[in-house]
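Q: coords please:
(chains A and B)
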Amino acid sequence: SQQGEEDPQALSIQEGENATMNCSYKTSINNLQWYRQNSGRGLVHLILIRSNEREKHSGRLRVTLDTSKKSSSLLITASRAADTASYFCATEYSGGGADGLTFGKGTHLIIQP
Amino acid sequence: GAVVSQHPSRVICKSGTSVKIECRSLDFQATTMFWYRQFPKQSLMLMATSNEGSKATYEQGVEKDKFLINHASLTLSTLTVTSAHPEDSSFYICSAREGGRNTEAFFGQGTRLTVV
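A: A predicted model of the protein is given here:
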């Protein structure tokens, strides 16, 4: 399976600023999911956006999906120090047979207090 | 969200021994569970898909005789790393879906395996 790409690979911003991360993928998908991972820990599910959706919100998070460009973005508004983590996008392939998620390489986000 | 518990969180074993990792869905039944592997500062790679009551489906390049997967019930899947070698040292993470495809996948806390 092909991995997606997130950019930037690393992002450092000041607390209170907004953080935007992008994700591109290569196949047709059922959905795209964003996850957060703190160093050496498991993944926390943030948002799932389906292929027929264009935008979803959850608290300070906003996710967009552009299936024509095969890309998604995650916006974290009013960032906090606790948002420091790695963020991954993951896609579920829409074709038959293949199951599981294909992960991007992740964006390491650092929020400076 | 739904809770997936993985145990142990850390394990150190000697080369040649086997290690079993458990993945449980605590508050839902998971027909399908997944096992991933993550190397330091890298992304997650799917190893296998585990379906309750049937054989696991392994991704290309994953040795099924080395990474034994058992999904004996709707709430438990196990991954056994057999005859472990230092190159098997990695972070292993399981995930489970409460529903079928196109639903959220929830992840366990991961297991840091070190083979010495």
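Q: Which residues of chain A lie near chain B?
A: Chain A has residues A:1, A:3, A:30-31, A:33, A:35, A:40-45, A:48, A:50, A:88, A:90, A:92, A:99-106 near chain B, with proximity defined as C-beta under 8 Å from any C-beta of the partner chain. Quick note: C-beta positions are derived from backbone N, CA and C, even for glycine.
Q: do that again at 6 Å, thanks
A: On the criterion C-beta under 6 Å from any C-beta of the partner chain, chain B has as its neighbours in chain A the residues A:N30, A:N31, A:G42, A:L43, A:H45, A:L48, A:D99, A:G100, A:F103, A:K105, A:G106.
Q: which of these sit farthest apart?
A: Pairwise distances across the residues of chain A next to chain B peak at 22.9 Å for A:N30 and A:G42 (criterion: C-beta to C-beta).
Q: what's near enough to touch the closest residue in space to A:Q9 that isn't next to it in sequence?
A: If you skip the residues right next to it in sequence, A:Q9 has A:T107 as its closest partner in space, 6.4 Å away by C-beta to C-beta, 6 or more residues apart in numbering or on different chains. If a contact means C-beta atoms under 6 Å, 6 or more residues apart in numbering or on different chains, then A:T107 has A:E6, A:L11, A:M21, A:Y87 as its contacts.
Q: still on that earlier bit, in CSV, list the residues of chain A next to chain B along with neighbour count.
A: Listed next are the residues of chain A next to chain B as CSV, based on neighbours: other C-beta atoms under 10 Å in any protein chain shown:
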residue, neighbour count
A:N30, 16
A:N31, 22
A:G42, 21
A:L43, 29
A:H45, 18
A:L48, 20
A:D99, 16
A:G100, 24
A:F103, 25
A:K105, 19
A:G106, 26
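Q: ok, of these, which one's closest to B:N51?
A: A:D99 (8.9 Å).
Q: is it true that that closest one touches B:A48?
A: No - assessed by C-beta atoms under 6 Å, A:D99 is found out of contact with B:A48, at 10.1 Å.
Q: where does B:E87 land in three-state SS?
A: Classification of B:E87 using DSSP: H, G, I helix; E, B strand; the rest coil returns helix.
Q: Tell me how many other residues surround it.
A: A count of neighbours around B:E87, defined by other C-beta atoms under 10 Å in any protein chain shown, yields 7.
Q: Next, the contact list for A:L43, please.
A: Contacts were defined as C-beta under 6 Å, 6+ apart; by that measure A:L43 touches A:Y35, A:Q37, B:F107.
Q: Which one of those residues is nearest to A:T67?
A: Ranking the contacts of A:L43 by separation from A:T67, with C-beta to C-beta as the measure, puts A:Y35 on top at 19.9 Å.
Q: Any idea which of the residues of chain A next to chain B the model trusts least?
A: Looking at the residues of chain A next to chain B by pLDDT, the weakest one is A:D99, with 82.
Q: Helix or strand for it, just tell me which one.
A: Using DSSP states H and E, A:D99 sits within no helix or strand.
Q: Inside strands: which ones of the residues of chain A next to chain B?
A: A:N30, A:N31, A:L43, A:H45, A:L48, A:F103 (DSSP state E).
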